[in-house]
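Asks: Fold the following.
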Amino acid sequence: MIKVVDVQRSIDFYAEFGFAVGDKVEDDKLRWAFLNTQKANLMLSLEEQPKQDRALGVILYLRTPDVVALRQHLLARGVSVSEIEYPFYMPKGEVCVTDPDGFLLLIGQPE
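Replies: Predicted coordinates for the structure are as follows:
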């Protein structure tokens, strides 16, 4: 679970990675959402008073079957995404994206 400033904005952002809303809690505003894909889950919780460095040191790691296609998709949708790098642990490549709340996403293509 990550705490975010705007739950709907984060839902929209993570939809680009295939996450769909499985459940949500809403009263006067959207306060919480459970997102899922076939292989991953993520909870988003509204943070009323965000802390300056809340995302510091937090890295969400995702995997994709095609890092090149995902990068092209994200760029086409206006998402800022790094060049593909090839670290020793992900020889088919990985990219880096920062979400709207400053959380770092590393997305790699496993062998």
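Asks: Can you show me the strands along the protein?
Replies: Applying DSSP state E to the chain gives strands spanning 2-4, 20-26, 30-36, 41-46, 59-63, 94-98, 104-108.
Asks: would you put the C-alpha positions of the fourth one in PDB?
Replies: Same thing as strand 41-46. The C-alpha trace of strand 41-46 is given here as PDB (Å, rounded to 0.1, in the frame of the first residue of the first chain):
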ATOM      1  CA  ASN A  41      -2.000  -6.100  -6.300                       C
ATOM      2  CA  LEU A  42      -1.500  -2.500  -5.100                       C
ATOM      3  CA  MET A  43      -3.500  -0.600  -2.600                       C
ATOM      4  CA  LEU A  44      -3.700   3.200  -2.700                       C
ATOM      5  CA  SER A  45      -4.700   5.200   0.400                       C
ATOM      6  CA  LEU A  46      -5.400   8.900   0.500                       C
END
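Asks: mind listing what's buried in that strand?
Replies: Residues 42, 44, 46 are the ones in strand 41-46 that count as buried (16 or more other C-beta atoms under 10 Å). C-betas here are computed from N, CA, C, even on glycine.
Asks: and the second one, how far is that from residue 101?
Replies: When you say that, I think you mean residue 44. Counting by C-beta to C-beta, to the nearest Å, the gap between residue 44 and residue 101 amounts to 9 Å.
Asks: do the first one as well
Replies: In this structure, residue 42 lies at 12 Å from residue 101, with C-beta to C-beta as the measure.
Asks: between the buried residues of strand 41-46, which is closest to residue 63?
Replies: residue 42 (13.8 Å; C-beta to C-beta).
Asks: Contacts only, for the closest one.
Replies: 1-2, 14, 19, 34-36, 60 (C-beta atoms under 8 Å, 6 or more residues apart in numbering).
Asks: Could you tell me which of these count as buried?
Replies: Neighbour counting by 16+ other C-beta under 10 Å classes 2, 14, 19, 34-35, 60 among the contacts of residue 42 as buried.
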